[in-house]
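Peer 1: Give the three-dimensional model of this entry:
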Amino acid sequence: MINLDYGIIGNCLTAALVSKNGSIDWCCLPKFDSPSVFAKLLDKEKGGSFGFEVDESYTISQNYLPKTNILVTHFESQDAAFEVRDFMPRYYEDNGKLHTPLVIIRYLKLLKGEPKFKVVYDPKIGYAQEETISRIKDNYIKSHTVEGSYDSVYFYSDFDYESILNGEELTLKKDSFFMLSYYEKILDQTIDRCFLQYQRTYAYWLNWSEKTTNYNAYNKQIRRSALVLKLLTYEKSGAVLAAATTSLPETIGEVRNWDYRFCWIRDASMVLRVLFELGHVDSAQRFMNFIVHTVPNKGDKMQIMYGINGESILTEYSLDYLSGYENSKPVRVGNAAYIQKQNDIFGILTEIIYQQFLYFKNSLEHSEELWTIVTQIVHTVSENWMKPDKGIWEHRAEDQHFTFSKLLCWVAVDRAIKIAKLIHKTSVLEEWEALVSEISFDIYKKGWNEEVGAYTQSYGSEALDASILLMEDYGYLEPHDPRYVSTVKAIEKELCRDGLMYRYKNRDDFGLPSSSFTICSFWFINSLYKIGEKKKAKEYFDQILSYGNHLGLFSEDLDFETKRLLGNFPQAYSHLGLIQTAINFSGGISDQEELKNL
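Peer 2: Prediction:
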């Protein structure tokens with residue numbers, strides 16, 4: 001079965017996807033959202049890649065070095081074996097500054113014999129839109145575009161450059177290296193320099209993982225997912241990406257293909273909520289700085305999403321010359337959803353700001369900035385909560401009164417009240433408490449459908465929606481509230497298929513959904529756990545963990561029949577859902593044996 005059998009490497013400025021056979025099939029430089037240098041993922045013929053060819057006598061396997069984002073691809077035959085250790089350098093220098101060069105290092109470690117292989121080095125800069133040529137210079141290969149917007153990359157190695165470009169067979173007789181750099185290097189690149197960067201990067205990731213909270217159950221899966229989330233943070237601004245890719249389809253052959261290399265306020269806030277719980281408060285602090293510097297001034301509209309440097313215009317267009325992943329067109333760059341109105345963003349953002357006030361010491365200036373954002377949010381909610389919107393799933397048709405959006409408006413005001421009490425801004429309480437009660441009663445009366453026996457997707461609708469499962473998580477309902485239990489049961493009956501969840505089953509702008517949205521399955525498992533069906537929840541959780549790829553990574557969606565990974569990859573939403581679910585199973589359990597007895 002064709003699957004997203006890739007690992008991700010990165011340095012929190014950009015990332016690359018490496019196939020289980022050791023081919024870099026996706027990489028954008030110099031940033032996550034830059035045009036691609038390798039895009040075989042989106043067009044096998046035109047996209048470009050950087051990999052290895054070995055004969056049929058070799059078996060190939062792949063794994064991460066434990067507790068790191070260093071990816072190892074192992075090639076072995078009866079007489080020869082070697083490893084390719086892929087990473088992007090990230091470490092602290094002696095002066096305490098973080099070193100994150102725009103470099104991919106492929107360190108080849110000789111294990112036995114004299115392995116033979118060919119190198120496929122085929123960069124196609126700028127989404128392969130124009131021709132890329134590669135020429136040998138004094139001590140490197142320079143690849144650059146011929147027409148259109150000029151761009152270039154530099155390739156270094158201790159192998160012969162002519163042999164590499166000609167695709168000739170190479171023999172590994174000692175540890176060696178390949179390096180791709182966005183900038184020309186000033187110092188000579190040697191195996192010793194690469195090994196030193198390898199060791200420093202290895203130490204960096206071990207130290208980062210050491211700061212991650214340990215849990216009695218599913219600790220390995222939690223840590224791997226946390227490492228993925230870290231790679232999806234953008235160091236320069238504090239933004240968090242939804243995924244590292246664009247246009248991987250939700251269903252093969254359909255058109256639900258979107259660019260996810262941006263920062264959704266809702267998704268990022270959820271991710272930071274989880275990273276904070278795992279002990280990585282620095283990421284939460286950087287995201288708050290991103291919010292302070294990105295959220296518009298008073299009176300301006302807050303967008304649902306921004307570019308990773310805070311860009312507000314994310315114009316969407318198609319690259320029609322690319323065939324798309326498994327011929328699923330279109331390949332999109334940009335995302336038109338940035339103009340949408342989604343009232344749910346306010347609640348999750350206010351939740352993060354509440355945590356900031358609750359757990360951190362803030363300077364007076366920073367506190368005033370955050371408090372101003374909170375008052376702005378409450379003002380916006382007060383004027384908009386009763387209006388329809390596009391909802392969490394970004395429907396591109398007519399606006400509706402989505403219950404989840406109303407819920408998150410309630411969350412926004414509820415957390416704002418908590419913040420006001422923390423900092424003794426009591427003058428707003430009477431007005432805000434009246435507002436939160438009004439929203440709560442509205443949801444109670446209009447969101448509930450007595451015939452369905454559940455809170456439904458939108459007011460007056462009979463359609464069910466997995467996002468409603470979060471009513472308990474955000475504190476609107478208690479887990480044993482009869483309405484919540486009934487809602488979980490109704491959603492299970494309607495949206496669950498062998499432990500995997502539809503987001504919803506009613507027709508949307510593009511027809512009927514046909515794949516499982518992975519985070520919804522985690523929400524459902526959490527809900528089962530909360531209402532007391534722990535054994536069933538654990539069975540479903542163990543089952544879905546088996547659907548991850550060979551490295552335990554998840555994309556946005558799963559195919560119901562084949563369990564194939566679909567959608568953009570790796571998906572922050574999916575991995576945060578995995579972490580939240582695993583933490584629930586670890587709560588109050590003293591050892592692995594107790595978990596088995598659930």
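Peer 1: From the recorded domain assignment, give the ranges for the chain.
Peer 2: For the chain, the domain assignment from automatic domain parsing gives the residue ranges 6-210, 219-596.
Peer 1: you'd agree Leu111 is up against Glu83?
Peer 2: Yes. With contact defined as Cβ atoms under 8 Å, Leu111 reaches Glu83; the gap is 6.4 Å. In this view, the C-beta of every residue, glycine as well, is placed from N, C-alpha and C.
Peer 1: So for these two, which sits in the more crowded spot?
Peer 2: Legend: neighbour count by other Cβ atoms under 10 Å for Leu111 and Glu83, higher for Glu83 (21 against 13).
Peer 1: host element of that one?
Peer 2: Using DSSP states H and E, Glu83 sits in strand 81-87.
Peer 1: Could I get the buried residue list for that strand?
Peer 2: Ala81, Phe82, Glu83, Val84, Arg85, Asp86, Phe87 (16 or more other Cβ atoms under 10 Å).
Peer 1: quick one: Tyr107 is in a strand?
Peer 2: Yes. Under DSSP: H, G, I helix; E, B strand; the rest coil, Tyr107 falls within a strand.
Peer 1: and the residue lying closest to it once chain neighbours are set aside, bridged to which residues?
Peer 2: Closest residue to Tyr107 apart from its sequence neighbours, by Cβ to Cβ, 6 or more residues apart in numbering: Arg85 at 4.3 Å. On the basis of DSSP bridges, Arg85 is bridged to Val72, Tyr107.
Peer 1: What distance do you get for Arg85 to Leu232?
Peer 2: 22 Å (Cβ to Cβ, to the nearest Å).
Peer 1: picking that back up, now that the residue nearest to Tyr107 has come up, it's in contact with Leu71, right?
Peer 2: Yes. Contact criterion Cβ under 8 Å: Arg85 and Leu71 qualify, at 7.4 Å.
Peer 1: Around Asp442, how many other residues sit close by?
Peer 2: 18.
Peer 1: so which helix or strand takes in it?
Peer 2: Remark: Asp442 resides in helix 429-442, with elements defined by DSSP H and E.
Peer 1: Tell me the helices and strands packed up against whatever helix or strand comes next after that helix.
Peer 2: Sequence-wise, the next helix or strand downstream of helix 429-442 (DSSP H and E) is strand 448-449. If contacts are counted by 3 or more Cβ pairs under 8 Å, 6 or more residues apart in numbering; DSSP states H and E, strand 448-449 sits against strand 454-455.
Peer 1: partners of the strand it packs on, with directions?
Peer 2: When pairs are called by DSSP bridges, strand 454-455 turns out to pair with strand 448-449 (antiparallel).
Peer 1: Mind listing residues that contact the partner strand?
Peer 2: Strand 448-449 is contacted from outside by Ala454, Tyr455, Thr456, Ser461, Glu462, Arg483, using Cβ atoms under 8 Å, 6 or more residues apart in numbering.
Peer 1: what's near enough to touch the nearest residue to Leu551 once chain neighbours are set aside?
Peer 2: In space, and not counting its chain neighbours, Leu551 is closest to Gly7: 5.1 Å by Cβ to Cβ, 6+ apart. Residues in contact with Gly7, defined by Cβ under 8 Å, 6+ apart, are Leu17, Val18, Lys20, Gln62, Tyr64, Leu71, Asp86, Leu551, Leu553.
Peer 1: same question, Gly475
Peer 2: Gly475 sits next to Val411, Asp414 when contact means Cβ under 8 Å, 6+ apart.
Peer 1: That one: what secondary structure?
Peer 2: Criterion first, three-state DSSP; result for Gly475: coil.
Peer 1: Show me the shaky parts of this protein.
Peer 2: 297-300, 395-397, 508-512, 588-598 (pLDDT under 70).
Peer 1: Show me where it has its helices.
Peer 2: 161-165, 191-210, 219-231, 265-277, 281-294, 345-359, 364-384, 403-422, 429-442, 482-495, 518-530, 534-545, 572-586, 592-596 (DSSP state H).
Peer 1: Convert the C-alpha atoms of the second one to PDB, please.
Peer 2: When you say that, I think you mean helix 191-210. The C-alpha trace of helix 191-210 is given here as PDB (Å, rounded to 0.1, in the frame of the first residue of the first chain):
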ATOM      1  CA  ILE A 191      33.600  15.100   7.700                       C
ATOM      2  CA  ASP A 192      34.900  16.400  11.000                       C
ATOM      3  CA  ARG A 193      32.800  19.500  10.900                       C
ATOM      4  CA  CYS A 194      29.700  17.500  10.000                       C
ATOM      5  CA  PHE A 195      30.400  15.100  12.900                       C
ATOM      6  CA  LEU A 196      30.800  17.900  15.400                       C
ATOM      7  CA  GLN A 197      27.400  19.400  14.200                       C
ATOM      8  CA  TYR A 198      25.900  15.900  14.500                       C
ATOM      9  CA  GLN A 199      27.100  15.500  18.100                       C
ATOM     10  CA  ARG A 200      25.900  19.000  19.100                       C
ATOM     11  CA  THR A 201      22.500  18.500  17.500                       C
ATOM     12  CA  TYR A 202      22.200  15.100  19.100                       C
ATOM     13  CA  ALA A 203      22.900  16.600  22.500                       C
ATOM     14  CA  TYR A 204      20.400  19.500  21.900                       C
ATOM     15  CA  TRP A 205      17.500  17.100  21.200                       C
ATOM     16  CA  LEU A 206      18.400  14.900  24.200                       C
ATOM     17  CA  ASN A 207      18.400  17.900  26.400                       C
ATOM     18  CA  TRP A 208      15.100  19.100  25.000                       C
ATOM     19  CA  SER A 209      13.500  15.700  25.500                       C
ATOM     20  CA  GLU A 210      14.800  15.500  29.000                       C
END
